[in-house]
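Q: can you look at this prediction? I've put the sequence above it.
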Amino acid sequence: MSSQDQLKALRVRIDSLDEKLLELISERARCAEEVARVKMSSLKPGESPVFYRPEREAWVLKHIMEINKGPLGNEEVARLFREIMSSCLALEYPLKVAYLGPEGTFTQAAALKHFGHAVISLPMAAIDEVFREVVAGAVNFGVVPVENSTEGAVNHTLDSFLEHNLVICGEVELRIHHHLLVGENTRTDKISRIYSHAQSLAQCRKWLDAHYPSVERVALSSNADAARRVKSEWNSAAIAGDMAAQLYGLTKLAEKIEDRPDNSTRFLIIGNQEVPPIGDDKTSIIVSMNNKPGALHALLMPFYENGIDLTRIETRPSRCGKWTYVFFIDFVGHCHDPLVKSVLERLSQEVVALKVLGSYPKAVL
Ligand SMILES: O=C(O)C(=O)C[C@]1(C(=O)O)C=C[C@@H](O)C=C1
């Protein structure tokens, strides 16, 4: 058989497989519609239906990755199923998700990575606005950055948890690649200013020192904002990611200029919904305590003694009294696990206040 004939035969096979796939996807979508009807019909008086189930979605994605035999990689198949589930959920109920904007930010990329592209995603001007939109019920969930592997905590997010009573329903991790971007009006040998978010400028500090040591660095409210600005401005460049580059049609002068190749940011999903355990969960708590000798030791001891893995501990001013602090602690486990429950009970006797911000599935993708 000639290679032309082979190609033709293979394409006929692909067409037939696509038809079967479409049938299966449509059947799955009808099933999701049925799930929505069952959820609606089983409501008790005064109850609202819960269409979005993060624990179920995390389980589905993990299961698909476990049974995947290739040739597509685990992340690739999970991404495909992520989008199928996103579309199925949109049939049940179109979720509204607020994120730290403007359009083209890494937070938008994180929101789409977590919820898929079938949600209605709404850019907010500040982290606090994301929190307020969720509290007001204008959106179902919010997505905010919480820590970067190079630059550390995002303090605005931590402080917003002290002001608002919201639940953490999930986490997303995103590999952050920064590029040096220019618009069509900029002569590459004439760059006199580089715009970006302060965190992004810091994540590319060494590269900038080596390549543009005497060019002015200007911090803006987001790197998408920087990209928008250089689109029309003369002789300036922006540091931003792929989404912003595409959105504003900018050219990449240099790619992946972050100082650390493993530069990643962790984002949180905030909402009002408590999430049941899947057996691979994390919990976030805030603790405030009196400043006395051994206080931190007493705080950490119960975790150590029960073999609970602390993944993060962060300190912030408590905002009620000078030199008093609160601790943000993340650890492995769910607040319904008996071991975690007993540690939290013991802690609550040692500290002034303890608040569980939420237990949620560990990031799958
Ligand atoms: O299992 C459910 O509760 C569903 O609503 C179905 C489904 C899915 O498509 O698999 C859709 C949305 C939920 O967030 C979780 C899963």
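A: All right, it came through fine.
Q: from now on I want contacts and neighbour counts done on CA atoms only, so please keep to that.
A: Fine.
Q: nearest spatial neighbour of the residue of the stretch 101-250 of the chain found nearest the ligand, skipping sequence neighbours?
A: Using C-alpha to the nearest ligand atom, Phe115 is the residue of the stretch 101-250 of the chain that sits closest to the ligand, at 9.0 Å. Take Phe115 and drop its neighbours on the chain: the residue closest to it by C-alpha to C-alpha, 6 or more residues apart in numbering is Ser86, 6.2 Å away.
Q: in a helix, the one you found, correct?
A: Yes - under DSSP: H, G, I helix; E, B strand; the rest coil, Ser86 sits within a helix.
Q: test my guess that the residue of the stretch 101-250 of the chain closest to the ligand contacts Ile84.
A: No - counting by C-alpha atoms under 8 Å, Phe115 stays clear of Ile84, with 10.6 Å between them.
Q: who's more crowded, these two?
A: Comparing Phe115 with Ile84 by neighbour count (other C-alpha atoms under 10 Å), the higher total belongs to Phe115, at 24 against 19.
Q: report how many residues lie close to Glu274.
A: 16.
Q: hmm, it is touching Cys169, no?
A: Yes - contact criterion C-alpha under 8 Å: Glu274 and Cys169 qualify, at 6.7 Å.
Q: residues shared between the contacts of these two?
A: With contacts defined as C-alpha atoms under 8 Å, 6 or more residues apart in numbering, the residues shared by Glu274 and Cys169 are Gly358, Ser359.
Q: flag every residue of this structure that's near the ligand.
A: Ala32, Val35, Phe51, Tyr52, Arg53, Pro54, Arg56, Glu57, Met85, Cys88, Leu89 (C-alpha under 6 Å from any ligand atom).
Q: can you count the residues close to the residue nearest to the fourth one when sequence neighbours are not counted?
A: Distances taken as C-alpha to C-alpha, 6+ apart place Leu89 nearest to Tyr52, at 7.0 Å, with adjacent residues excluded. Around Leu89 sit 24 other residues, with neighbours defined as other C-alpha under 10 Å.
Q: list the buried residues of the helix or strand harbouring Leu89.
A: Counting by DSSP states H and E, the element that carries Leu89 is helix 74-92. Using 16 or more other C-alpha atoms under 10 Å as the test for burial, helix 74-92 gives 74, 77-79, 81-92.
Q: let me know the closest of those residues to Val12.
A: Val77 (23.2 Å; C-alpha to C-alpha).
Q: quick check, the closest one in contact with His63.
A: No - with contact defined as C-alpha under 8 Å, Val77 does not count as touching His63 (10.9 Å).
Q: which residues does Val332 contact?
A: With contacts defined as C-alpha under 8 Å, 6+ apart, Val332 is in contact with Asp280, Asp281, Lys282, Thr283, Ile308, Asp309, Leu310, Thr311.
Q: just checking, the first one touches Ser359?
A: No - with contact defined as C-alpha under 8 Å, Asp280 and Ser359 do not form a contacting pair (10.3 Å).
Q: shared neighbours of these two, which are they?
A: Gly333.
Q: neighbour-wise, which of these two wins?
A: Ranked by neighbour count (other C-alpha under 10 Å), Asp280 and Ser359 place Ser359 first, with 26 against 16.
Q: so for the helix or strand hosting that one, mean pLDDT?
A: For Ser359, the host element (DSSP H and E) is strand 353-361. For strand 353-361, mean pLDDT is 96.
Q: show me what the residue lying closest to Asn140 once chain neighbours are set aside is bridged to.
A: Distances taken as C-alpha to C-alpha, 6+ apart place Lys96 nearest to Asn140, at 5.4 Å, with adjacent residues excluded. When bridges are called by DSSP bridges, Lys96 pairs up with Ile120.
Q: how far away is the residue nearest to Tyr52 from Tyr195?
A: 38 Å (C-alpha to C-alpha, to the nearest Å).
Q: now do the same contact list for Arg187.
A: Going by C-alpha under 8 Å, 6+ apart, Arg187 touches Asn235.
Q: run the last query once more with 10 Å
A: Residues counted as contacts of Arg187 (C-alpha atoms under 10 Å, 6 or more residues apart in numbering) are Trp234, Asn235, Ser236, Ala237.
Q: with Leu347 instead?
A: The contact partners of Leu347, by C-alpha under 10 Å, 6+ apart, come to Val287, Ala298, Leu299, Leu300, Met301, Pro302, Phe303, Lys341, Ala353, Leu354.
Q: now it: which helix or strand?
A: Per DSSP H and E: helix 338-350 holds Leu347.
Q: can you count the residues close to Lys20?
A: Lys20 has 12 neighbouring residues, counting by other C-alpha under 10 Å.
Q: before we move on, what about Phe303?
A: Using other C-alpha under 10 Å, Phe303 has 18 neighbouring residues.
Q: from Ser41, how far off is it?
A: 43 Å.
Q: would you mind measuring from the residue of the stretch 151-300 of the chain found nearest the ligand to Arg53?
A: Residue nearest to the ligand within the stretch 151-300 of the chain (C-alpha to the nearest ligand atom): Val275, separated by 11.4 Å. Plainly put, Val275 is 8 Å away from Arg53 if you go by C-alpha to C-alpha.
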